[in-house]
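Visitor: Sharing a model that was predicted from the sequence below.
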Amino acid sequence: MNDTNLDSQVIKVKDFLVHPKLAIPVYQRPYKWNKGHVSQLIGDIKAFYQKPSYRFGTVVLHENLDKDTLDIVDGQQRSLTLVLIIKALAAINAKKSLQGGINKELQAVASQLANFKFQNPVSQQNIHRNYKEIVRLVADFDERLVQFLLNHCEFIVFKLKDISEAFQFFDSQNARGKDLDPHDLLKAFHLRAFDENDDKNKFAIVDNWENANDDSLAKLFGLYLYRIKGWAKGQSAREFTKEKIHFFKGVNINELNSYPYSKSLRILHHYIDEYNSSYYSRVNQHQMEYPFQLNEWIINGRRFFEMIQHYYTVFENSIKQLQNHKKLNHKSREIIHVINNYEGRGRTGDGYTRLLMDTALIFYVDKFGEEAINTAIQFFFVWSYNLRLSYESLQLSSVDNYVLSQNVFKQINDSFTPKELFNMNLSIVTQPKSKKTGDIINLFQSLNYL
């Protein structure tokens, strides 16, 4: 690529969207953003409005000299959604709400927005549906939020004169080796959410994140944290994608106003920091850790990174440590030995089954500690390996459906004591279908579940 053909600059969203030459070329895919995308974008505006600025990412333009247009090569979905947001705000505030200069500016911007035309019925339908959703979501925008959107939200815009170079640049930005993982997007989100008082800790926190094995981080989010959080809410949790990162976006601790539910969060958050900086902590040589819980609210910024560091350690070590725990009785040790060594343990479906048992057990220990740990091991073994024995070939879809129909995760989430959890009925296996699971079958028989 010839760098002399590349022009880049940071542009306010409002200035970008009113450019008279802006166009969406016919080769672009239809507008397909759904309510989830719209809600996430508006949520980000609300989350960061107290920051000096917020960037929605990059836009790649082709300077089409033949048609005298600036064609959007990358960034259509975000750009069009922001057009809809500004139009909705202008319509809502044409007769009420905003006062003075900011309303005049909003109306002026709305009147100059690029007028994109769409013939594709998919685009038309999604635009109509999303606009109605946006009207509902921005109804509470006040002067500060509108001011932030118009004057502090930005794009990084790359403009190229050659269409092939524009697509080449688009590919290099979005498919350089591989696309950004969802956890990379979460890293960027929570760095932006840092409280000003925490900025001094950013370097050390980012350093810890970067030193963690990237595959291990992807595994932590995709296999464990996402599925536990999803299943605990009674939702399907098959694959962790960019569309699912909202599971790990929480609350900005200093922007919760006086909501009653936020008081305990603020007390806990500030008390721990106060204690760790006090002379009591220095005298005792003791630092208090934040008591993270898998099913609790996430505090954006520093606490998110501390939480991930905490669970990175938990999921790396907990199962290994538990196998040798002195509280385990003979039957629990036998179960662990069998699931570590039975003939079919290396198959994909068996891996899913072991994942179910490990994640359920860690979720349990995270909430109840080692209370009734032997009962828990036997309970989760029977629950998870019941699924393995019921199928010849086990796919992820079957695993997800099984969890939602006999949802141990939601039961853990909703129980106040282990006794409530263990009152859940477990199915008895009548006719095992799985091969290479003889040792598992023997255990089921000894536990009277076969």
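Guide: Cool, got the structure.
Visitor: number of nearby residues for the nearest residue in space to I362 that is not next to it in sequence?
Guide: Spatial nearest neighbour of I362, excluding adjacent residues (Cβ to Cβ, 6 or more residues apart in numbering): S318 at 5.5 Å. Where you see a C-beta, it was placed from the backbone N, CA and C, and this is true even at glycine. The tally of other residues near S318 (other Cβ atoms under 10 Å) stands at 16.
Visitor: so what's the backbone phi/psi at S318?
Guide: phi -60, psi -50 (degrees, to the nearest 10).
Visitor: I'd say it and Y364 touch.
Guide: No: contact criterion Cβ atoms under 8 Å: S318 and Y364 do not qualify, at 10.8 Å.
Visitor: Helices of the stretch 251-400 of the chain, start to end?
Guide: Remark: helices assigned in the stretch 251-400 of the chain by DSSP state H, counting those that start in this stretch are 262-276, 279-284, 302-323, 330-341, 348-368, 373-389, 396-405.
Visitor: List the buried residues in the longest one.
Guide: If I follow you right, that is helix 302-323. By 16 or more other Cβ atoms under 10 Å, the buried positions in helix 302-323 come out as 302-308, 311-312, 314-315, 318-319, 322.
Visitor: Need these in JSON lines (columns: distance to D181 and pLDDT).
Guide: Formatted as JSON lines, the buried residues of helix 302-323 follow (distance: Cβ to Cβ, whole Å; pLDDT from 0 to 100):
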{"residue": "R302", "distance to D181": "21", "pLDDT": "89"}
{"residue": "R303", "distance to D181": "21", "pLDDT": "92"}
{"residue": "F304", "distance to D181": "16", "pLDDT": "93"}
{"residue": "F305", "distance to D181": "16", "pLDDT": "92"}
{"residue": "E306", "distance to D181": "20", "pLDDT": "91"}
{"residue": "M307", "distance to D181": "18", "pLDDT": "93"}
{"residue": "I308", "distance to D181": "13", "pLDDT": "93"}
{"residue": "Y311", "distance to D181": "17", "pLDDT": "92"}
{"residue": "Y312", "distance to D181": "15", "pLDDT": "89"}
{"residue": "V314", "distance to D181": "21", "pLDDT": "88"}
{"residue": "F315", "distance to D181": "17", "pLDDT": "86"}
{"residue": "S318", "distance to D181": "24", "pLDDT": "75"}
{"residue": "I319", "distance to D181": "24", "pLDDT": "72"}
{"residue": "L322", "distance to D181": "29", "pLDDT": "76"}
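Visitor: pLDDT on stretch 38-58, on average?
Guide: Averaged over stretch 38-58, pLDDT sits at 88.
Visitor: cool, stretch 202-213 as well?
Guide: Here the average pLDDT along stretch 202-213 is 75.
Visitor: export that stretch as CSV, just CAs?
Guide: Extracted in CSV, the C-alpha atoms of stretch 202-213 (Å, rounded to 0.1, in the frame of the first residue of the first chain):
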residue,chain,number,x,y,z
LYS,A,202,-3.4,1.3,34.8
PHE,A,203,0.2,0.4,33.8
ALA,A,204,0.5,-2.4,36.3
ILE,A,205,-3.0,-3.8,35.5
VAL,A,206,-2.4,-3.8,31.7
ASP,A,207,1.0,-5.4,32.3
ASN,A,208,-0.6,-8.2,34.2
TRP,A,209,-3.2,-8.7,31.5
GLU,A,210,-0.7,-8.7,28.7
ASN,A,211,1.5,-11.2,30.7
ALA,A,212,-1.4,-13.7,30.9
ASN,A,213,-1.5,-16.4,28.2
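Visitor: tell me which residues in it are buried?
Guide: Buried, per 16+ other Cβ under 10 Å, within stretch 202-213: 205, 209.
Visitor: Identify the residues contacting that stretch?
Guide: By Cβ atoms under 8 Å, 6 or more residues apart in numbering, the residues outside stretch 202-213 that reach it are 187, 191, 194, 217, 302, 305-306, 308-309, 312.
Visitor: pull the longest strand from this structure.
Guide: strand 54-64 (DSSP state E).
Visitor: List of residues touching it?
Guide: For strand 54-64, using Cβ under 8 Å, 6+ apart, the contacting residues are 10, 13, 16, 23, 25, 41, 44-45, 48, 70-75, 78-79, 82, 148, 152-163, 166, 169-170, 173, 192.
Visitor: Listing partners with orientation, what would you give for that strand?
Guide: Applying DSSP bridges, strand 54-64 is found paired with strand 69-74 (antiparallel), strand 153-160 (parallel).
Visitor: where does the stretch 101-250 of the chain dip in pLDDT?
Guide: The stretch 101-250 of the chain contains residues with pLDDT under 70 at 162-180, 199.
Visitor: the helices in it, which residues?
Guide: Under DSSP H, counting those that start in this stretch, the stretch 101-250 of the chain gives helices at 121-137, 143-152, 163-174, 182-192, 202-211, 214-219, 226-232.
Visitor: Using PDB, write out the CA atom coordinates for the first one.
Guide: Looking back up the chat, that one is helix 121-137. Taking Å, rounded to 0.1, in the frame of the first residue of the first chain, the C-alpha atoms of helix 121-137 are listed here in PDB:
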ATOM      1  CA  PRO A 121     -35.900  -4.800   2.300                       C
ATOM      2  CA  VAL A 122     -33.600  -6.200   5.100                       C
ATOM      3  CA  SER A 123     -32.000  -2.800   5.600                       C
ATOM      4  CA  GLN A 124     -35.400  -1.100   5.500                       C
ATOM      5  CA  GLN A 125     -36.900  -3.400   8.100                       C
ATOM      6  CA  ASN A 126     -33.900  -3.200  10.500                       C
ATOM      7  CA  ILE A 127     -33.800   0.600  10.200                       C
ATOM      8  CA  HIS A 128     -37.500   0.900  11.000                       C
ATOM      9  CA  ARG A 129     -37.200  -1.500  13.900                       C
ATOM     10  CA  ASN A 130     -34.000   0.000  15.400                       C
ATOM     11  CA  TYR A 131     -35.300   3.500  15.100                       C
ATOM     12  CA  LYS A 132     -38.300   2.700  17.300                       C
ATOM     13  CA  GLU A 133     -35.900   1.000  19.800                       C
ATOM     14  CA  ILE A 134     -33.600   4.000  19.800                       C
ATOM     15  CA  VAL A 135     -36.500   6.400  20.500                       C
ATOM     16  CA  ARG A 136     -37.200   4.400  23.700                       C
ATOM     17  CA  LEU A 137     -33.500   4.100  24.700                       C
END
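Visitor: Quick one: list the elements packing against it.
Guide: helix 35-48, helix 76-93 (3 or more Cβ pairs under 8 Å, 6 or more residues apart in numbering; DSSP states H and E).
Visitor: Would you mind listing the buried residues in it?
Guide: Neighbour-count burial for helix 121-137, counted by 16+ other Cβ under 10 Å, picks out 123, 126-127, 130-131, 133-135, 137.
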